[in-house]
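# Take a look and give me a structure for this.
(chains A and B)
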Amino acid sequence: IAGITQAPTSQILAAGRRMTLRCTQDMRHNAMYWYRQDLGLGLRLIHYSNTAGTTGKGEVPDGYSVSRANTDDFPLTLASAVPSQTSVYFCASSDSASGSYEQYFGPGTRLTVT
Amino acid sequence: GQNIDQPTEMTATEGAIVQINCTYQTSGFNGLFWYQQHAGEAPTFLSYNVLDGLEEKGRFSSFLSRSKGYSYLLLKELQMKDSASYLCAVRGGDYKLSFGAGTTVTVRA
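Numbering: from 1, shown residues only, chains lettered A, B, ... in the order given. Okay, here's the model as predicted:
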């Protein structure tokens, strides 16, 4: 089934622990994104990748890192989780090469840091 | 920086029309998107405007005025399933999307 998958669906994590959120797309989109969504703040861009092998910082990158080793996968790592990173995390992709720029979103990961 | 404003909540009756306004001030402009997001789900694409004017797609229409930094999403013949959050997003000069906080629309019978 074409689309974006994220794992895990939800997670409760102790502060200070390391965590990697996984994101995989099978649409061969060149660009991928990570957002966090918090009540009253809307979606905020954490990191993005315009093509495999490149990444860039978004609006709120501190405490997060990403890698883009291939077209399909774009994992997000929290090196040492803090309670302020409690949020819903969405991965998205777009096929900017086609001129569309519409972003397709994964189902999200609900993360609670205690 | 980017500044995108939309109302927090709106309520309307089934079968009615609702207009959700969005105003923006951004560094550069390369298009405006509207997304729908049902509670607990991912956002899904509704519309895209890059030129001034009205884009109609079934019961949903979106309007853009670049000179006024203004857009609206019009939902006609409201149905209960239209109860959701509607997100206005602007693609700025860096081609990245900036989102408003979203407007929660509640449709009542």
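
# quick one: low-confidence ranges for the chain?
In the absence of a named chain, this looks at chain A. Scanning chain A for pLDDT under 70 picks out A:1-2.

# oops, chain B please
Applying pLDDT under 70 to chain B flags residues B:1.

# Quick one: residues contacting residue B:98.
By C-beta atoms under 8 Å, 6 or more residues apart in numbering or on different chains, the residues touching residue B:98 are A:45, A:59, B:2, B:4, B:26, B:89-92. In this view, the C-beta of every residue, glycine as well, is placed from N, C-alpha and C.

# Which element, helix or strand, includes it?
Under the criterion of DSSP states H and E, residue B:98 resides in strand B:97-99.

# Report the separation between the most centrally placed residue in chain A and residue B:103.
The centroid of chain A falls nearest to residue A:34 when counting by C-alpha atoms, centre = their mean (2.8 Å). Distance, residue A:34 to residue B:103, by C-beta to C-beta, to the nearest Å: 24 Å.

# Contact residues of chain B facing chain A?
B:4, B:30-31, B:33, B:41-45, B:48, B:87, B:89, B:91, B:95-102 (C-beta under 8 Å from any C-beta of the partner chain).

# Filter the residues you listed down to just the buried residues.
B:4, B:31, B:33, B:42-43, B:48, B:87, B:89, B:91, B:96-102 (16 or more other C-beta atoms under 10 Å in any protein chain shown).

# Contact distance from chain B - what residues of chain A qualify?
Contact residues, chain A versus chain B (C-beta under 8 Å from any C-beta): A:33, A:35, A:40-45, A:48, A:58-59, A:90, A:96, A:101-108.

# Which ones among those residues lie within helices?
In helices, judged by DSSP state H, none of the residues of chain A next to chain B are found.

# Only the buried members of the residues you listed: can you turn that into a PyMOL selection?
In PyMOL syntax, the buried subset of these is picked out as below (16+ other C-beta under 10 Å):
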select buried, chain A and resi 33+35+42+43+44+45+48+58+59+90+96+101+102+103+104+105+106+108
